[in-house]
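A.B. asks: Show me how the following folds:
(2 chains)
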Protein chains: 2
Amino acid sequence: MTEPERLRADAVRNRTAILRATEELLTRHHPQQISMEQVAAAAGVGKGTVFHRFGSRYGLMRALMQERAQDLEIAINTGPPPLGQGAPPRVRLLAFLTAVVELVARNKGLLAALGPAAPVTAAPEQEPREAHPVYRSWHGHISQLVHQQRPDLDADMLAHVLLATLHSEPILNALERGDGNRLDRTLRDLVTGLMPE
Amino acid sequence: MTEPERLRADAVRNRTAILRATEELLTRHHPQQISMEQVAAAAGVGKGTVFHRFGSRYGLMRALMQERAQDLEIAINTGPPPLGQGAPPRVRLLAFLTAVVELVARNKGLLAALGPAAPVTAAPEQEPREAHPVYRSWHGHISQLVHQQRPDLDADMLAHVLLATLHSEPILNALERGDGNRLDRTLRDLVTGLMPE
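C.D. replies: Next up is the predicted model:
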């Protein structure tokens, strides 16, 4: 291994260690309770390395969320059914909603920490949630599947309605209490009502 | 009219004038764009009167929302069907959702300005949204109607899911563009799917 190769391998390993450490801390803490120092200590790297790679706690949380969203994206595009292609749209939609609820439930408040909360309270430097790449990707996938199965419905609005649950304070509180399966079942009831087998 | 009676009548008239002026301003502006001076000028009262009665813009918006929520509450409890008693639960639920969407659509961002946006961004002095009397009342009404019609469903979670739409940034943006009827129709599709005629 040449010196540049070794440095690059170190950087990749550090990045992975930092993201895994953050993930582990998030199973027990809110994003805003996690300090960069804690992350560095848990990852076994210097605090400077965390700041250098991610800029801020916001940058770190965003990178983690994007990584997970990418994993889900890969599963949708190239993975096996029911998440991936090959299953009927309604089955894919149900699988996707389950995956998204699980992703959000697994990360106490991570999504909420990333998105601006509501138009009036959004800091001016934050983009609107609609413009957030993760939101756009999820919205696009849901509305496409809805449209394939029920072209008579307002797929765009329905996708917003289903995703709104992931930004609702009472629902996020319920997810924290371990009620992810209740949200999943309710979304399943709603989708099944619109798209019977 | 005695002097105390006259003062009391003045106070009631001022309060009504202030709330109606705010309502009128809200048809054209976001809550955060409306100043207490504007409200006072539009109501034909002194700025001190507005501050004295409502404390702050937040207090004013909250009073207006509570007044409207009270009107809706009265319609539910003592008004004629389909909002009031006498219609089947599913019909009452559809009428209620239409009324709520209309109420929120009519007030650009008013509800969003009142509720804390998300757990992580909520100011510590604000109560969680679940504890907000308007949210609780609406949630209670929806879950009761769902339970009456479909006792097998998770009425509590379903009520949260339906109400989550009113705090979603992309949906509030759509309401601002005049898309209230699209939200109403989508909620109607969802409820009708779960509760066919």
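A.B. asks: list the buried ones in stretch A:50-64?
C.D. replies: If you call a residue buried by 16 or more other C-beta atoms under 10 Å in any protein chain shown, then stretch A:50-64 has these buried ones: A:50, A:53-54, A:57, A:60-64. Placement of C-beta: from N, CA and C, glycine included.
A.B. asks: Okay, and which of these map to helices?
C.D. replies: Judged by DSSP state H, the subset of the buried residues of stretch A:50-64 located in helices is A:50, A:53-54, A:57, A:60-64.
A.B. asks: Am I right that residue A:83 is in a helix?
C.D. replies: No. Counting by DSSP: H, G, I helix; E, B strand; the rest coil, one finds residue A:83 to be coil, located in no helix.
A.B. asks: Settle this for me: it is touching residue A:92, isn't it.
C.D. replies: Yes. Residue A:83 lies in contact with residue A:92 (C-beta atoms under 8 Å); the separation is 6.8 Å.
A.B. asks: Pick out whichever of the two has more residues nearby.
C.D. replies: residue A:92 (23 against 19; other C-beta atoms under 10 Å in any protein chain shown).
A.B. asks: Can you tell me the element the more buried one falls in?
C.D. replies: Using DSSP states H and E, residue A:92 sits in helix A:89-106.
A.B. asks: That helix and chain B, are they touching?
C.D. replies: No. Applying C-beta under 8 Å from any C-beta of the partner chain, one finds helix A:89-106 out of contact with chain B, separated by at least 11.3 Å.
A.B. asks: Can I get that helix as PDB, trimmed to CA atoms?
C.D. replies: Presented in PDB, the C-alpha positions along helix A:89-106 are these (Å, rounded to 0.1, in the frame of the first residue of the first chain):
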ATOM      1  CA  PRO A  89     -46.900  -1.600  -6.500                       C
ATOM      2  CA  ARG A  90     -49.100  -2.000  -3.400                       C
ATOM      3  CA  VAL A  91     -46.800  -4.700  -1.900                       C
ATOM      4  CA  ARG A  92     -43.800  -2.500  -2.700                       C
ATOM      5  CA  LEU A  93     -45.500   0.500  -1.100                       C
ATOM      6  CA  LEU A  94     -46.300  -1.500   2.100                       C
ATOM      7  CA  ALA A  95     -42.700  -2.800   2.300                       C
ATOM      8  CA  PHE A  96     -41.300   0.700   1.700                       C
ATOM      9  CA  LEU A  97     -43.500   2.300   4.500                       C
ATOM     10  CA  THR A  98     -42.400  -0.500   6.900                       C
ATOM     11  CA  ALA A  99     -38.700   0.200   6.000                       C
ATOM     12  CA  VAL A 100     -39.100   4.000   6.400                       C
ATOM     13  CA  VAL A 101     -41.000   3.700   9.800                       C
ATOM     14  CA  GLU A 102     -38.300   1.300  11.000                       C
ATOM     15  CA  LEU A 103     -35.500   3.700   9.800                       C
ATOM     16  CA  VAL A 104     -37.100   6.600  11.600                       C
ATOM     17  CA  ALA A 105     -38.000   4.700  14.700                       C
ATOM     18  CA  ARG A 106     -34.400   3.400  15.000                       C
END
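A.B. asks: And the contacts of that helix?
C.D. replies: Here helix A:89-106 makes contact (C-beta atoms under 8 Å, 6 or more residues apart in numbering or on different chains) with A:26-27, A:68-69, A:72, A:75-76, A:81-85, A:87, A:110-111, A:138, A:141-142, A:145-146, A:148-149, A:162, A:166, A:172, A:175, A:180, A:183-184, A:187-188, A:191-192, A:195, A:197.
A.B. asks: Quick one: mean pLDDT for that helix?
C.D. replies: Per-residue pLDDT over helix A:89-106 has a mean of 93.
A.B. asks: now swap in stretch A:45-59 and tell me
C.D. replies: Mean predicted confidence for stretch A:45-59 is 91.
A.B. asks: Next: stretch A:66-83.
C.D. replies: pLDDT averaged over stretch A:66-83 gives 92.
A.B. asks: Please spell out which residues along that stretch are buried.
C.D. replies: Quick answer for stretch A:66-83 (16+ other C-beta under 10 Å): A:68-69, A:72-73, A:76, A:82-83.
A.B. asks: how far is it from where the chain is centred?
C.D. replies: Distance of stretch A:66-83 from its chain centroid, counting by C-alpha atoms, centre = their mean, to the nearest Å, is 11 Å.
A.B. asks: Which parts of chain A are helices?
C.D. replies: Going by DSSP H, chain A shows helices at A:3-26, A:36-43, A:47-54, A:57-78, A:89-106, A:110-114, A:133-149, A:155-164, A:169-176, A:180-194.
A.B. asks: now those helices in CSV, with distance to residue B:32?
C.D. replies: CSV is the format used below for the helices of chain A (distance: least, C-beta to C-beta, whole Å):
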stretch, distance to residue B:32
helix A:3-26, 32
helix A:36-43, 32
helix A:47-54, 32
helix A:57-78, 23
helix A:89-106, 29
helix A:110-114, 21
helix A:133-149, 23
helix A:155-164, 22
helix A:169-176, 20
helix A:180-194, 31
